[in-house]
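[1] sequence-free structure coming up:
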Ligand SMILES: [Zn+2]
């Protein structure tokens, strides 16, 4: 049975924990050439250098080979080939497809027509599950556990896909949440309803400083100008969601700051040297987590 | 005017009468059943008073009988609808519509960034409901919810 990873909800709690264990093993011993002889296609219908290189690094470390494209220029896609035909063809050339696409649902559709497993490396504003798993790995690594963590999410909680997926994934682990966002970009009701149904407590505020000293994890996202209908509103709030070093003085010693990157200005550079800044370490974790995802889906890691 | 009397005036000999349609969904049902292409007699009216639903619409289609699959489609916008089969002026069958767990192939995803709006893909939705009321259709592909008022029927 082939298994794909399109949405974070495709994985059970047990599978997430399995990925965490595998990633830790790869971190301890990154030279496990268990993908020797395998060919993995990385199809970036929409460019994303950071994500593509992270996946390709993971594949290379495991001894696999990579085919694919980093954008659709000079491919048959620009000649008008349908997405269906591109996926069907490349599934015949490879043992797995890692893909990114600007249209939402593209990866789910690909997973249903390809005869090989598909890993979603981002489909528009919808899902990016390897990001969620690497966020979880970063939480586990810095906190020693995934259970009972207090996560403060800051910024664009309405459109930010990473916060929605992380919320769904961490709901398995008795997490408590604080949502900090301008009124226009509040956490959507459907996610709050999910938490309510699961009996998971959350707090909402517009003030970044109000609960920061209770947080184990501060998860920052970018407040984008184009999300505002009223630019006056944007001007009013744009500086209210910037994390500065001075705000960290009384935070918990175990607190760590995460960010899916790239950052623009939502974390002041004066935070970078604070030991609580963890966002650059996250990117390294991403390689181990992607090694874990690929080897789990291909069934090559015992 | 008395609603019952009006209905009697318009009684059909053979065909289908769809009753208890929400008043504002009449044209969606006409669309779902493709009634603009119907060659036989079609009569419809809306804003009739209804004890059960306040205001309702009714459609009568002469000499046409609805398959279960069509009845099923109606439920997406008119979950309270009642589909009566008429033969020789008599109601010979009364079907209440039941919302399916999933709908496939006739509703457009409301998300313009959804792959189904860019490639020829049969749409698929999980039906979300609260009690009997449909609260939304969750796209199997893009995972976005299309709310009942935004439902567009694909032809
Ligand atoms: Zn969709």
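    Noted; the coordinates are in hand. Keep in mind that what you see is a predicted model, and the values were worked out from it rather than measured.

[2] quick one, strands of the stretch 101-250 of chain A?
    Using DSSP state E, counting those that start in this stretch, the strands of the stretch 101-250 of chain A run over A:118-123, A:150-154, A:176-180, A:202-205, A:217-220.

[3] same thing with chain B?
    Listed in chain order, the strands of chain B (DSSP state E) span B:15-22, B:42-50, B:54-62, B:82-87, B:90-96, B:102-104, B:107-108, B:124-130, B:133-139, B:145-146, B:152-153.

[4] Three-state assignment for the residue of chain A positioned farthest from its centre, please.
    Outermost residue of chain A with respect to the C-alpha centroid, by Cα atoms, centre = their mean, is residue A:79; its distance is 31.8 Å. Following DSSP: H, G, I helix; E, B strand; the rest coil, residue A:79 is assigned to coil.

[5] identify the residues contacting the spatially most central residue of chain B.
    Central residue of chain B (Cα atoms, centre = their mean): residue B:74, 2.5 Å from the mean position. Contacts for residue B:74 (Cβ atoms under 8 Å, 6 or more residues apart in numbering or on different chains) come out as B:18, B:21, B:29, B:32, B:33, B:81, B:83, B:97. Every residue, glycine included, has its C-beta placed from N, CA and C.

[6] before we move on, what about residue A:256?
    Contacts of residue A:256 (Cβ under 8 Å, 6+ apart): A:138, A:142, A:143, A:216, A:217, A:218, A:276, A:277, A:278.

[7] now do the second one against residue A:258, distance only.
    When you say that, I think you mean residue A:142. Using Cβ to Cβ, to the nearest Å, residue A:142 is found at 9 Å from residue A:258.

[8] hey, what's in contact with both of the two?
    With Cβ under 8 Å, 6+ apart as the test, residue A:142 and residue A:258 both reach A:217, A:278.

[9] show me which residues of chain B are close to chain A?
    B:109, B:111, B:113-116, B:118-121, B:139-145 (Cβ under 8 Å from any Cβ of the partner chain).

[10] hang on, residue A:13 packs against residue A:174?
    No. Between residue A:13 and residue A:174 there is no contact under Cβ atoms under 8 Å: 11.4 Å.

[11] now chain A against chain B: closest residue?
    residue A:105 (2.8 Å; Cβ to the nearest Cβ).

[12] for residue A:217, list the residues it contacts.
    A:139, A:142, A:143, A:149, A:150, A:151, A:152, A:255, A:256, A:257, A:258.

[13] of these, list those near the ion.
    Filtering the contacts of residue A:217 for neighbours of the ion using Cβ under 5 Å from the ion leaves an empty set.

[14] in a markdown table, list the residues you listed along with pLDDT.
    Below are the contacts of residue A:217 laid out as a markdown table (pLDDT from 0 to 100):
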| residue | pLDDT |
| --- | --- |
| A:139 | 98 |
| A:142 | 97 |
| A:143 | 98 |
| A:149 | 97 |
| A:150 | 98 |
| A:151 | 98 |
| A:152 | 98 |
| A:255 | 98 |
| A:256 | 98 |
| A:257 | 98 |
| A:258 | 97 |
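
[15] would you mind confirming that residue A:129 makes contact with residue A:165?
    Yes. Under the criterion of Cβ under 8 Å, residue A:129 is in contact with residue A:165, at a separation of 6.5 Å.

[16] let me see the contact set for residue 115.
    Because you didn't say which chain, this covers chain A. Per Cβ under 8 Å, 6+ apart, neighbours of residue A:115: A:2, A:91, A:92.

[17] not quite, go with chain B.
    A:83, A:101, A:103, A:104, A:105, A:106, A:108, A:109, A:123, B:121, B:141, B:142.

[18] can you do 10 Å?
    Counting by Cβ atoms under 10 Å, 6 or more residues apart in numbering or on different chains, residue B:115 touches A:83, A:101-110, A:123-124, A:126, B:109, B:121, B:139, B:141-142.

[19] which of those residues fall in helices?
    Using DSSP state H, the subset of the contacts of residue B:115 located in helices is A:83, A:106, A:107, A:108, A:109, A:110.

[20] tell me how many other residues crowd residue B:127.
    As a burial measure, residue B:127 scores 17 neighbours (other Cβ atoms under 10 Å in any protein chain shown).

[21] ok, residue A:296 next?
    For residue A:296, using other Cβ under 10 Å, the count is 20.

[22] quick one: contacts for it?
    If you count contacts by Cβ under 10 Å, 6+ apart, then residue A:296 has A:3, A:5, A:11, A:15, A:18, A:19, A:21, A:22, A:23, A:117 around it.

[23] please report the distance of the residue positioned nearest the centre of chain A from residue A:230.
    For chain A, residue A:131 is the residue whose C-alpha lies nearest the centre (Cα atoms, centre = their mean; 1.8 Å). Distance, residue A:131 to residue A:230, by Cβ to Cβ: 30 Å.

[24] then residue A:113?
    Applying Cβ to Cβ to residue A:113 and residue A:230 gives a distance of 42 Å.

[25] so between those two, which is more surrounded?
    Using other Cβ under 10 Å as the criterion, residue A:113 and residue A:230 rank with residue A:113 on top: 14 against 9.

[26] my read is that that one contacts residue A:92, right?
    No. Between residue A:113 and residue A:92 there is no contact under Cβ atoms under 10 Å: 11.8 Å.

[27] so what sits against both of these two?
    Common neighbours of residue A:113 and residue A:92 are not found (criterion: Cβ under 10 Å, 6+ apart).

[28] pretty sure residue A:119 contacts residue A:94?
    No. The criterion here is Cβ under 10 Å, and residue A:119 misses it with residue A:94 at 11.6 Å.

[29] what touches both of these two?
    Shared contacts of residue A:119 and residue A:94 (Cβ under 10 Å, 6+ apart): A:40, A:42.

[30] any idea how many residues pack against the closest residue to residue B:35 other than its chain neighbours?
    Sequence neighbours aside, residue B:42 is the residue nearest to residue B:35 in space, at 5.4 Å (criterion: Cβ to Cβ, 6 or more residues apart in numbering or on different chains). Neighbours of residue B:42 under the rule other Cβ under 10 Å: 17.
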